[in-house]
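Chemist: my questions are about this predicted structure, shown below with the sequence.
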Amino acid sequence: MNEILDALMIVFSLETTGMILLGVLAGIIIGALPGLTVNMGIALLLPLTYSFQGMTGILMLLGVYCGAVYGGSITAILISTPGTPASAATVLDGYPMAKRGEAGRALGLSTLASMFGGVFSTIALVLIAPLLAKVATGFSSAEYFALAIFGISIITSVSSQSIIKGLIGGVLGLFIATIGLDPMTSGMRFTFDSIYLMGGISFIPVLVGLFAFSQGLLSLEEDYRERVAGIVRQTKSKIDRILPTWSDIKRVMPTYIRSSIIGTGIGAIPGTGGDIASFIAYNEAKRWSKHPEEFGHGSPEGVSAPEAGANSVAGGAMVPLMTLGIPGDGATAIIMGAFMVQGLALGPQLFTDHPVEVNSIFIGLFAANIFMGIMGFMGMRLFAKVMSVPRRVLVPIIFVLCSVGAYSVNHDMTDVFVMMGAGLVAYILIKLDFSMSPIVIGIILGPMAESNFRRTLVISEGDPMIFLTRPVCAVFLGIAILTLLLPIFGPRLKALWRKQTS
């Protein structure tokens, strides 16, 4: 009980509450601006966590996460342009509702769905995470190595259309993680006699470059192409009554619950995300609806399902992050950096060594989702006006924030150059249809995999069979191998099965 009271005092202190509110507000604005992503927003504000002690910075980033996923629905409904990939399914029914003069109704339903989904997934996190952490307390270095390989394999196989590109990204991340001093022998690796590289490449500048700087370059390019082509984006739409009626709430409540369950479950699977959850939730809502013919023409369930599904991913994605140290998606991979900044080791030890911090996360997520709903209803018209800010005005501000954030980590201009270099490389890779998530996961899980692999071999006196004789370790490694092989052989097996059955 004392731990819960201490957590309440942390979350509802003036500083922490203010930063959660600021994070949610920044997230909604970032989500409402087409071209700016959830990952970019979190990466952009990640350096600020150095300025705060304790949980304040982490809870601010969780506020950004919740707000940005919701913010994407504003542009999806008003101008048929999803602010984030997770809001792509919302366009299908949100924009038709706006065209027939029900923009406020659609926005109200999406706001309530987002808040419901977020609160639902947080309850699931509170119930599931401690139980899973208890199971994981018996893990040794062999199990942690297998877990790291499992996390890398899942992220690289589902985050890109090409498994080869996903693997290349993961290997690139693993390579970056090896730069610096060997953790066991203190030998220099890929340092090229550089004092800066002896300490390894700074994690935060790389993240800011991969997600924020590169996205700014892409936004500038898109803005230039639109101006050359003479394309003028619609940025205004009339907003009427926002608060949903009681009849609307009764109609969509089953959809809220079903979609929240789907989103929480999908979020707990590493490598998935809000875009997958939103489309699955949308399809299930249509399948269970009494009026499936309305979908695609402005169905209230069609707006509610993807938003509840996408926003319930956050709590689900925090389950593997907190209990096993494996990020559930790209956003939680970046948030993992904030835990590293504060010296908090993720995994089952987090629950035993830092119970106050764990409860702060639970309470903070509740607060962030409630704040998001209140801000959504009160500031909807203001957020809608944000869409009119030209990209050529917004992007230079992003570049300045990227540079300031990278420099603030170590007060070293080399970090700024690293950030810019990472951003340029990311820009080229994105143009080649690579995903950034495998690179980040490789950087994060690489040291975990290496140190536990070598520690296990020391314990077993060099016998690699220890990884197969320990049941949990063998299961995780087996799943990792299947995860890598299924995208390669799955389509062939499916085609062979269809040929035989026909």
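Modeler: Now that the structure is in, tell me what you want to look at.
Chemist: contacting residues around Cys337?
Modeler: Quick fix: residue 337 reads Gly, not Cys. 46, 203-204, 207, 444 (Cβ atoms under 8 Å, 6 or more residues apart in numbering). C-beta here means a position set from N, CA and C on the backbone, and glycine is covered the same way.
Chemist: ok, now Ala129?
Modeler: 318-319, 322-323, 351, 358.
Chemist: do the same with Leu394
Modeler: So Leu394 contacts 33, 36, 219 (Cβ under 8 Å, 6+ apart).
Chemist: of the residues you listed, which is the nearest to Ala133?
Modeler: Proximity of the contacts of Leu394 to Ala133 (Cβ to Cβ) peaks at Leu36, which lies at 34.2 Å.
Chemist: the closest one contacts Gln215, doesn't it?
Modeler: Yes: between Leu36 and Gln215 a contact is recorded at 6.6 Å, counting by Cβ atoms under 8 Å.
Chemist: tell me, what's touching the two both at once?
Modeler: The contact sets of Leu36 and Gln215 overlap at Ile398 (Cβ under 8 Å, 6+ apart).
Chemist: which SS class is the nearest residue to Ser451 once chain neighbours are set aside?
Modeler: In space, and not counting its chain neighbours, Ser451 is closest to Pro183: 5.6 Å by Cβ to Cβ, 6 or more residues apart in numbering. State at Pro183, reduced to three classes by DSSP: H, G, I helix; E, B strand; the rest coil: coil.
Chemist: now do the contacts for Pro183.
Modeler: Pro183 touches 447, 450-451, counting by Cβ under 8 Å, 6+ apart.
Chemist: just read off the phi/psi values of it.
Modeler: phi -70, psi -20 (degrees, to the nearest 10).
Chemist: from Asn452, how far off is it?
Modeler: Separation of Pro183 from Asn452 (Cβ to Cβ, to the nearest Å) stands at 11 Å.
Chemist: go on, Ala277?
Modeler: Here the criterion is Cβ to Cβ. By it, Ala277 lies 31 Å from Asn452.
Chemist: ok, Gly54 - how many residues close by?
Modeler: 16 (other Cβ atoms under 10 Å).
Chemist: chain neighbours aside, what residue packs nearest to it?
Modeler: Ile10 (6.5 Å).
Chemist: residues in contact with the one you found?
Modeler: 16, 54-55, 356, 360.
Chemist: state the distance from it to Gly199.
Modeler: 31 Å.
Chemist: also Gly347?
Modeler: Distance from Gly347 to Gly199, by Cβ to Cβ: 24 Å.
Chemist: higher neighbour count, these two?
Modeler: Gly347 (22 against 13).
Chemist: is it correct that the more buried one is in contact with Thr323?
Modeler: Yes: contact criterion Cβ under 8 Å: Gly347 and Thr323 qualify, at 7.0 Å.
Chemist: give me the common contacts of these two.
Modeler: Shared contacts of Gly347 and Thr323 (Cβ under 8 Å, 6+ apart): 133, 136.
Chemist: any idea how far the residue minimising distance to the centre of the chain lies from Val69?
Modeler: Note on the chain: the residue nearest the mean C-alpha position is Ala331, at 2.2 Å, using Cα atoms, centre = their mean. Distance from Ala331 to Val69, counting by Cβ to Cβ: 8 Å.
Chemist: could you find the closest non-adjacent residue to Val409?
Modeler: Spatial nearest neighbour of Val409, excluding adjacent residues (Cβ to Cβ, 6+ apart): Ile204 at 4.8 Å.
Chemist: restricting to C-alpha, output the helix or strand encompassing that neighbour in PDB.
Modeler: Element membership for Ile204, per DSSP states H and E: helix 203-208. Provided in PDB are the C-alpha atoms of helix 203-208 (Å, rounded to 0.1, in the frame of the first residue of the first chain):
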ATOM      1  CA  PHE A 203      22.100   5.800 -28.300                       C
ATOM      2  CA  ILE A 204      20.000   9.000 -28.000                       C
ATOM      3  CA  PRO A 205      21.500  10.900 -31.000                       C
ATOM      4  CA  VAL A 206      21.100   7.800 -33.200                       C
ATOM      5  CA  LEU A 207      17.400   7.500 -32.200                       C
ATOM      6  CA  VAL A 208      16.700  11.100 -32.800                       C
END
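Chemist: roughly how far is that helix from the heart of the chain?
Modeler: 16 Å (Cα atoms, centre = their mean, to the nearest Å).
Chemist: what's the answer for stretch 356-370, then?
Modeler: 17 Å.
Chemist: how about stretch 25-44?
Modeler: 11 Å.
Chemist: could you do stretch 111-119 as well?
Modeler: Averaged C-alpha coordinates place stretch 111-119 at 17 Å from its chain's average position (Cα atoms, centre = their mean).
Chemist: over to stretch 438-454?
Modeler: 19 Å.
Chemist: ok, stretch 128-147 next?
Modeler: Using Cα atoms, centre = their mean, the offset of stretch 128-147 from its chain centre is 22 Å.
Chemist: coming back round to it: export the contacts of Pro183 as a markdown table, with columns for distance to Met97.
Modeler: Converted to a markdown table, the contacts of Pro183 look like this (distance: Cβ to Cβ, whole Å):
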| residue | distance to Met97 |
| --- | --- |
| Pro447 | 48 |
| Glu450 | 52 |
| Ser451 | 53 |
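Chemist: I'd like to know which of the residues you listed is nearest to Ala422.
Modeler: Ala422 lies nearest to Pro447 out of the contacts of Pro183, by Cβ to Cβ, at 18.0 Å.
Chemist: just the buried ones from the contacts of Gly337?
Modeler: 46, 203-204, 207, 444 (16 or more other Cβ atoms under 10 Å).
Chemist: next one: Pro487 from Ile164, what distance?
Modeler: Where Ile164 is concerned, Pro487 sits at a distance of 10 Å (Cβ to Cβ).
Chemist: how far is stretch 305-323 from where the chain is centred?
Modeler: That offset, for stretch 305-323, works out to 9 Å (Cα atoms, centre = their mean).
Chemist: oops, could you answer that again for stretch 335-344 instead?
Modeler: Per Cα atoms, centre = their mean, the centroid offset for stretch 335-344 relative to its chain is 15 Å.
Chemist: and what of stretch 314-325?
Modeler: Put simply, stretch 314-325 sits 11 Å off its chain's centre (Cα atoms, centre = their mean).
Chemist: check stretch 317-328 too.
Modeler: That offset, for stretch 317-328, works out to 11 Å (Cα atoms, centre = their mean).
Chemist: export that stretch as PDB, just CAs?
Modeler: Below are the C-alpha coordinates for stretch 317-328, written out as PDB (Å, rounded to 0.1, in the frame of the first residue of the first chain):
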ATOM      1  CA  ALA A 317       3.200  -3.300 -25.800                       C
ATOM      2  CA  MET A 318       4.300  -2.300 -22.300                       C
ATOM      3  CA  VAL A 319       3.800  -5.900 -21.000                       C
ATOM      4  CA  PRO A 320       6.800  -7.500 -22.800                       C
ATOM      5  CA  LEU A 321       8.800  -4.300 -22.400                       C
ATOM      6  CA  MET A 322       8.500  -4.200 -18.600                       C
ATOM      7  CA  THR A 323       8.500  -7.900 -17.800                       C
ATOM      8  CA  LEU A 324      11.000  -9.300 -20.400                       C
ATOM      9  CA  GLY A 325      12.900  -6.200 -21.600                       C
ATOM     10  CA  ILE A 326      11.600  -6.800 -25.200                       C
ATOM     11  CA  PRO A 327       9.900  -3.800 -26.900                       C
ATOM     12  CA  GLY A 328       6.400  -4.500 -28.200                       C
END
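Chemist: for that stretch, give me every contacting residue.
Modeler: Contacts for stretch 317-328 (Cβ under 8 Å, 6+ apart): 124-125, 128-129, 132-133, 136, 144, 147-148, 150-151, 155, 267-272, 313, 316, 329, 331-333, 335-336, 345-348, 350-351, 358, 361, 365, 441, 444-445, 448.
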